[in-house]
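[1] sequence first, predicted coordinates after that:
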Amino acid sequence: MANFSGIFFAAVGVCAVITFLSSDFYKQKFKKAQETNAEDEISPEMKERHTKLLKKYLFVYLLAVLSDWLQGPYVYALYMEYGFEQHEIAELFVAGFGSSMVFGSFVGGMADSGGRKTFVIIFAAVYAASCVTKHFKDYSILMLGRLLGGVATSLLFSVFEAWLIRAHADAELPKSCLSKSFSWAAFSNSITAIFAGLVANKLANESTMTLVSGNVYVGGFLNPFDLALAACGMCAAGAFMLWDENYGERGSNGKDGRENKGQWYKALQEAFGTTINNRDVLLCGLISSLFEGSMYIFVFCWTPLLKSFAGDADLPFGLIFSTFMVSCMAGSSLFSILVEQYPIERLAVVLFAFASVGMAIVGFGVNESVSFIGMLFFEMCVGMYFPIMGTMKGGIVPENKRAAIYNLYRIPLNFIVLFSLLNDLTASFSFKLNATMLAVATGLQFILTKRRLGTGNQASSPNKEDSKPLLEEETEDGGKHMV
């Protein structure tokens, strides 16, 4: 068996070094005085505004992802504990992704017109309701919970990001601040995942599931869901008290377009038209779907692949998961270093190419250790992906249709996930499929980079890019104006 403990401590060491090199302390104390970057040109007052905004965002966002991470390891285990058959459990999971694909296609448009803060609160309420359904040993109620969870997932991966990008623009912060915010969010998300895994494991083992009335259970595997419910409540309260409302467009008077509330169907139509007709928006969506699809397949397949190598030996799942998250943290810190030297679009090309190599190593891995190293390689790419893609989408997707388009991006993603769930693919083949999808994403990103930066080596430096406005919106006549 692979030396998982040794690999974990090695990953921690690598992460610590990269995080130190990305820290403000290192940059201020050890980098040469003549080395400047976009952040050096930001005024102290602007840095203070950014810090306040980032703290408000992370408080709410991390409670949201905490509620998600707490549930993840125990959904399947709970269904098994209730005694459902394998095909019934598969149906429940398919329903969740199907719900995300169907309902997510229009909730984004509703958030753009109804307010992103409002829909963050709705996310918390819907996800909390999904947690409540887990207490019932009733297939229909659990199915309802999966449908609610699908809607909540669509909101989690679209509305929070849309709010953050608009909030940066409203605060008149430059692009470098947005990249830093996404990097902090990715890094903090990994820490939250480790914390959630440890706490959920402790709670789940504290007691056994007990029937209290009819088909209602408490305790055991349900404890993490109860804590997730509490996190949802705190998330809603935090958004209500700390966040300002923002919308997907401005009127001619410069105020947010509240008069467009309720016109989600029109927003959906316009978002679909923009995605199809704007090649940059379309390419961005295809690329994100391919990468995130490979991420979901990875989640489904890493356990059976490692177990095929381990045989009857027990695997330290908690340690393996923690090593994955440490690798993600290292990736987000590495992004903080590289983004100061290279344009986001070119970083993305290299990222997807390396991710494809990582998945190929796993798919063709000759033993457990080699495959696990390939997985960690991919997880480091995941840590870099979210700040890279978040920043890139921030400059490509029109603000007035942002949440709607982000949810449209999830339709091909959910098709990929459903394909992997509904077909009996081996773990090895699934990782080879991932490598292929990521190779295609690399090619598409290369095309997008040429479109965004030009065919020559005349790409603007990060410093020059930082001077540009953060957002652009489409006007009614099809033109664009800067925010």
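    Structure's in. What do you need?

[2] out of the helices and strands in this protein, which is least certain?
    helix 462-466 (a mean of 41; mean pLDDT, DSSP states H and E).

[3] ok, now which ones touch the nearest residue to Gly115 once chain neighbours are set aside?
    In this structure, Gly115 finds its nearest non-sequential neighbour in Glu245, 4.7 Å apart by Cβ to Cβ, 6 or more residues apart in numbering. (C-beta placed from N, C-alpha, C; glycine too.) Applying Cβ atoms under 8 Å, 6 or more residues apart in numbering, we find Glu245 in contact with 115-118, 256.

[4] can you list the low-confidence ranges for this structure?
    When the per-residue scores of the chain are filtered using pLDDT under 70, the ranges that remain are 31-41, 249-265, 267, 455-483.

[5] quick one: the strands in the chain?
    210-213, 216-218, 472-474, 480-482 (DSSP state E).

[6] what's the longest one packed up against?
    By that I understand strand 210-213. Helices and strands touching strand 210-213, as assessed by 3 or more Cβ pairs under 8 Å, 6 or more residues apart in numbering; DSSP states H and E, comprise strand 216-218.

[7] how about the strand it packs on: buried residues?
    Tyr217 (16 or more other Cβ atoms under 10 Å).

[8] scan the contacts of Glu245 and report the most crowded one.
    Top of the contacts of Glu245 by neighbour number is Arg116, holding 29 neighbours under the definition other Cβ atoms under 10 Å.

[9] mind listing what that residue touches?
    Contacts for Arg116 (Cβ under 8 Å, 6+ apart) come out as 159, 162-163, 166, 245-248, 403.

[10] and for Ala167?
    Neighbour list for Ala167: 53, 57, 243-244, 246 [criterion: Cβ under 8 Å, 6+ apart].

[11] filter those down to the buried ones, ChimeraX style.
    In ChimeraX, selecting the buried portion of the contacts of Ala167, with burial taken from 16+ other Cβ under 10 Å, looks like this:
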select :53,57,243,246
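
[12] out of the contacts of Ala167, which one sits closest to Pro73?
    Tyr57 (26.0 Å; Cβ to Cβ).

[13] for the closest one, which non-adjacent residue is spatially closest?
    Looking at Tyr57 with Cβ to Cβ, 6+ apart, the closest residue is Leu164, at 5.5 Å.

[14] doesn't Ser181 make contact with the one you found?
    Yes - counting by Cβ atoms under 8 Å, Leu164 does reach Ser181; the two are 6.3 Å apart.

[15] give me the residues contacting stretch 156-166.
    Contacts with stretch 156-166, where a contact means Cβ under 8 Å, 6+ apart, come from 57, 60-61, 64-65, 68, 104, 108, 111-112, 116-117, 119-120, 123, 127, 178, 181, 185, 243, 246-248, 390, 393-394, 399, 402-403, 406-407, 410, 470-471.

[16] which of those residues fall within helices?
    Secondary-structure check on the contacts of stretch 156-166 using DSSP state H: residues within helices are 57, 60-61, 64-65, 68, 104, 108, 111-112, 116-117, 119-120, 123, 127, 178, 181, 185, 390, 393-394, 402-403, 406-407, 410.

[17] show me where the stretch 201-350 of the chain has its helices.
    223-242, 264-277, 279-310, 317-338, 344-363 (DSSP state H, counting those that start in this stretch).

[18] minimum distance to Ala427: which of those helices has it?
    When those are ranked by proximity to Ala427, the top entry is helix 279-310, at 3.9 Å, counting by Cβ to Cβ.

[19] who are the packing partners of that closest one?
    If you count contacts as 3+ Cβ pairs under 8 Å, 6+ apart, helix 279-310 packs onto helix 264-277, helix 317-338, helix 344-363, helix 368-396, helix 402-422, helix 427-453.

[20] how does it look with 6 Å?
    Based on contacts counted as 3 or more Cβ pairs under 6 Å, 6 or more residues apart in numbering; DSSP states H and E, the elements that helix 279-310 packs against are helix 264-277, helix 368-396, helix 402-422, helix 427-453.

[21] including mean neighbour count, could the ones you listed go into JSON lines?
    Putting these into JSON lines (neighbours: other Cβ atoms under 10 Å) gives the following:
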{"stretch": "helix 264-277", "mean neighbour count": "17"}
{"stretch": "helix 368-396", "mean neighbour count": "23"}
{"stretch": "helix 402-422", "mean neighbour count": "22"}
{"stretch": "helix 427-453", "mean neighbour count": "20"}
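
[22] what's the closest of these to His87?
    When the helices and strands packed on helix 279-310 are ranked by distance to His87, counting by Cβ to Cβ, first place goes to helix 402-422 at 11.4 Å.

[23] can I get the closest one in PDB? Just the C-alpha atoms.
    Taking Å, rounded to 0.1, in the frame of the first residue of the first chain, the C-alpha atoms of helix 402-422 are listed here in PDB:
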ATOM      1  CA  ARG A 402     -24.100  36.900 -15.200                       C
ATOM      2  CA  ALA A 403     -26.000  34.600 -12.900                       C
ATOM      3  CA  ALA A 404     -28.200  33.400 -15.700                       C
ATOM      4  CA  ILE A 405     -25.300  32.500 -17.900                       C
ATOM      5  CA  TYR A 406     -23.400  30.900 -15.100                       C
ATOM      6  CA  ASN A 407     -26.300  28.500 -14.600                       C
ATOM      7  CA  LEU A 408     -26.500  27.800 -18.300                       C
ATOM      8  CA  TYR A 409     -22.900  26.800 -18.100                       C
ATOM      9  CA  ARG A 410     -24.000  24.100 -15.700                       C
ATOM     10  CA  ILE A 411     -26.300  22.400 -18.200                       C
ATOM     11  CA  PRO A 412     -23.500  20.600 -20.200                       C
ATOM     12  CA  LEU A 413     -21.700  20.000 -16.900                       C
ATOM     13  CA  ASN A 414     -24.700  18.100 -15.600                       C
ATOM     14  CA  PHE A 415     -25.000  16.200 -18.900                       C
ATOM     15  CA  ILE A 416     -21.400  15.000 -18.400                       C
ATOM     16  CA  VAL A 417     -22.200  14.000 -14.800                       C
ATOM     17  CA  LEU A 418     -25.400  12.200 -15.700                       C
ATOM     18  CA  PHE A 419     -23.600  10.400 -18.500                       C
ATOM     19  CA  SER A 420     -21.000   9.100 -16.000                       C
ATOM     20  CA  LEU A 421     -23.700   8.000 -13.500                       C
ATOM     21  CA  LEU A 422     -25.900   6.300 -16.000                       C
END
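
[24] and the angle from it to helix 368-396?
    For the pair helix 402-422 and helix 368-396, the angle between their directions (axes from the mean of the first three to the mean of the last three Cα atoms, to 10 degrees) equals 150 degrees.

[25] which outside residues touch helix 402-422?
    Outside helix 402-422, the residues within contact range by Cβ atoms under 6 Å, 6 or more residues apart in numbering are 94, 97, 100-101, 104-105, 108-109, 111-112, 154, 158-159, 162, 248, 267-268, 271, 275, 285, 288-289, 292-293, 296-297, 397.

[26] just the buried ones from these?
    Judged by neighbour count, with 16+ other Cβ under 10 Å as the criterion, the buried members of these are 97, 100-101, 104-105, 108-109, 111-112, 154, 158-159, 162, 248, 267-268, 271, 275, 285, 288-289, 292-293, 296-297, 397.

[27] ok, Thr323 touching Val12?
    No - under the criterion of Cβ atoms under 6 Å, Thr323 makes no contact with Val12, lying 8.5 Å away.

[28] any idea how far Leu173 is from Tyr406?
    For Tyr406, the distance to Leu173 (Cβ to Cβ, to the nearest Å) stands at 20 Å.
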